Every structure is written in C-alpha cells, then in structure tokens.
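In: sharing a sequence plus its predicted fold:
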Amino acid sequence: AQSVTQLGSHVSVSEGALVLLRCNYSSSVPPYLFWYVQYPNQGLQLLLKYTSAATLVKGINGFEAEFKKSETSFHLTKPSAHMSDAAEYFCAVSDRAAGNKLTFGGGTRVLVKP
Amino acid sequence: DSGVTQTPKHLITATGQRVTLRCSPRSGDLSVYWYQQSLDQGLQFLIQYYNGEERAKGNILERFSAQQFPDLHSELNLSSLELGDSALYFCASSVAPGGVDTQYFGPGTRLTVL
C-alpha cells in the first residue's frame, strides 16, 4: 500500500524566509506525486505535480518541489515566504492501481510571521 | 474557483438521520472522487466513479453509498449518521482516471452531526 509522511504538522516561518515542507512517500511503482494547498474554509488547490518528467517541478505562487527517488522524497520549497502563504499544505501520492485515488499525508500548517 | 461545485456548503443534522451531498464536476470531466477530511483521520479517499461506473473504493462505510448520474453529477448518501461522521466531505473531478490527470477539488460540504 502507498503512504505519505509529512514531517512537522506545524511550521512557522518569518516573512521573506525560506519555506521548506518535507514529504516522504512509499510506493511499489514509480509514483505520481502532488502538493495541494488548503486555505481556511476552502477546498484543495493544486500547487504542483510530478509525473516522471523533470525531477524539479515548478508550481504556482513561486513554489517548487524536487523528486528524489533515492530518498523517496518530494519536499516543497519557496525561497521567500509571503503572508499569503499561510495555509495548510498536503502532499499526496496517486495510486495508479486503484483508479488514481490520492493518498494524502497528514498535512503541514504554515504560519508566516511578519 | 476549480469549477467543481458542491451543495450544500453546510449541513447540520442529528444522529440516525440520512443526508445527501451533491457534486457537479468540471465541464468535460468524467471521473468523480469523494474524500472525507476529519481531525482524527485526516484526508481519506472514499470512492471513485468514472462515467457512471464505480471505479475504486476506499475506506467507505457500509452506511455510505454513492452514485454518478448520466449527466455526470454525483451524490454521496450518508445514512444512520453517527457523531463520528462529522467531517468535511470533498468531491474532486478529473478528465479520466489516469494517473497524470489532476484532480480538481470542490469547496466541500461541512457535515455536523449532533
């Protein structure tokens, strides 16, 4: 079975500082990986996805993630945090053997300090 | 706005009751997914439909059922409700059930069981 682990349920960063959110996955087949963001009282919005092309994936709002097979990781980064980045972030892996259902990590809530 | 609509936005009901949640996918999307988000279980996949047929099943209780209609909208039926069913229920849609297709999430229905 596939699984996703997100290290740190809460992360606090200063405005302008680096944002680093960690995600490790477990998959028996080459994975498709996703990062979603959830703002308060809203649904999930796709930030970026990895589908076995380039290992460095650029997404919306200045976010990017690097797929590292040897480390089974897909960490999300943003060079400079903005107040509007305060939200909850979810890493997910797609189960291609089960209709492409997404298995999500526990989420990381990001707080941005002025 | 993802293009996925869900109604109602909020639902408050009592234990033992039955409710129906409705989802309209993005125009052109044939696949619909249902997810449950709760504090203790996180985001969990419930069930997936593709062009009217059930495609994959997750941790969906027997008290829960779903269907996708010819116009591609989907309904999730929850019966004999318990306090623990209180959660945010998301619908997502994608063009097809293939792994690379992005799942677009609706705003969710918040269910409160009293």
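Out: That came in fine, so what should we check first? These figures come from a predicted structure and were not determined experimentally.
In: most proximal residue of chain B with respect to chain A?
Out: Of all residues in chain B, residue B:56 sits closest to chain A, at 3.1 Å by Cβ to the nearest Cβ. Any C-beta I mention is one placed from the backbone N, CA and C, and that applies to glycine too.
In: now name the helix or strand holding the residue of chain A found nearest chain B.
Out: When scored by Cβ to the nearest Cβ, chain A has residue A:99 as its residue closest to chain B, at 3.1 Å. Using DSSP states H and E, no element contains residue A:99; it sits outside every helix and strand.
In: and it, how far is that from residue A:91?
Out: 20 Å (Cβ to Cβ, to the nearest Å).
In: circling back: what is the burial count for the residue of chain A closest to chain B?
Out: Per other Cβ atoms under 10 Å in any protein chain shown, the neighbour tally for residue A:99 reads 22.
In: so for the residue nearest to it when sequence neighbours are not counted, what's the pLDDT?
Out: For residue A:99, ignoring the flanking residues on the chain, the nearest one in space by Cβ to Cβ, 6 or more residues apart in numbering or on different chains is residue B:56 at 3.1 Å. In this prediction, residue B:56 carries a pLDDT score of 90.
In: hang on, the earlier thing: with only the CA atoms kept, save the host helix or strand of the residue of chain B closest to chain A in CSV.
Out: Residue B:56 is part of strand B:53-57, with elements assigned from DSSP H and E. What follows is strand B:53-57, C-alpha atoms only, in CSV (Å, rounded to 0.1, in the frame of the first residue of the first chain):
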residue,chain,number,x,y,z
GLU,B,53,-19.4,3.3,-13.1
GLU,B,54,-17.8,2.7,-9.8
ARG,B,55,-14.1,2.5,-10.3
ALA,B,56,-12.4,2.3,-6.9
LYS,B,57,-13.4,2.0,-3.3
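In: for chain A, which residues are neighbours of chain B?
Out: Contacts of chain A with chain B, taken as Cβ under 8 Å from any Cβ of the partner chain, map to A:32, A:34, A:36, A:42-46, A:49, A:51, A:90, A:94, A:96, A:98-107.
In: try 10 Å
Out: A:6, A:29-32, A:34, A:36, A:38, A:41-46, A:49-53, A:90, A:92, A:94-107 (Cβ under 10 Å from any Cβ of the partner chain).
In: return the subset of these lying in strands.
Out: A:6, A:32, A:34, A:36, A:38, A:44-46, A:49-50, A:90, A:92, A:94-95, A:101-104 (DSSP state E).
In: among the residues you listed, which ones are buried?
Out: A:6, A:32, A:34, A:36, A:38, A:44-46, A:49-50, A:90, A:92, A:94-95, A:101-104 (16 or more other Cβ atoms under 10 Å in any protein chain shown).
In: sweet, I'm off.
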